[in-house]
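In: turn this into a structure:
(one chain, ligands or ions: 1)
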Amino acid sequence: MKQVGVLALQGDFAAHGAAIERAGARAVFVRDREQFAQIDGLVIPGGESTTMLKLLHYDNLMEPLAAFGREKPVFGTCAGAILIARNVFHPTQESLGLMDIGVERNAYGRQIDSRVVEIAVEPEFESRTAPGKLEAVFIRAPIIRRVGPSAHVLAEYRGDPVLVEEGRHLVATFHPELTSDPRVHALFLEKL
Ligand code: GLN
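Out: This is a model prediction of the structure:
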């Protein structure tokens, strides 16, 4: 069975672990650099990207995480998407640059502007998983303002990309781990 790491420094890593197991792989909560050798892919969960960055530096995990992403698939949701992006603004922040996207943090407004909506997906997403709209939970979400030429949009909300892949990597600005629909995690498992 494939082993999927979930970065477990901060944020909603437990819900991602359960979602990975529902989608048919084994979840490994990653807190040490030695664990990168045991996993086939990694999820960076939602949470607070600034705090996660601090903890990554404190635990000396920035470099091993970037090295892992140069070889293996990484899936970032919300704060995880912010960490994976090439450019982060509002405010400007360091990131791993694994995907050629630019993101604006907290772009929908304050906590009170968090929402659960139904979004249409690209036919390609449906043909690679299963048909149907997606329920998308946005919690102080970023907006992907720039998508590089080799990145690929799989779903949008109000005209902005919310599910984007580039090669082996995937980002969602919403939280698929908080709904019972396994398709986004299943799509990531296909990349392992
Ligand atoms: N607002 C958070 C950030 O900027 C992301 C929120 C989330 O992950 N739900 O890092």
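In: quick check: Val147 touching Ile101?
Out: Yes - the pair Val147 and Ile101 passes the contact test of C-beta atoms under 8 Å, sitting 5.5 Å apart. Heads up, the C-betas are built off the backbone N, CA and C, glycines and all.
In: list residues touching both of these two?
Out: Shared contacts of Val147 and Ile101 (C-beta atoms under 8 Å, 6 or more residues apart in numbering): Val164.
In: of those two, which one has the most company?
Out: Set Val147 next to Ile101 and count neighbours by other C-beta atoms under 10 Å: Ile101 wins out with 27 against 17.
In: can you tell me the element the more buried one falls in?
Out: Per DSSP states H and E: Ile101 is located in strand 99-104.
In: sheet partners, orientation included, of that strand?
Out: strand 85-89 (parallel), strand 143-147 (antiparallel) (DSSP bridges).
In: quick one: which of these is nearest the ligand?
Out: strand 85-89 (8.6 Å; C-beta to the nearest ligand atom).
In: just the residues contacting the closest one, thanks.
Out: Defining contact as C-beta under 8 Å, 6+ apart, one finds that strand 85-89 is touched by 49, 82, 94-97, 99-105, 144, 146, 148, 171.
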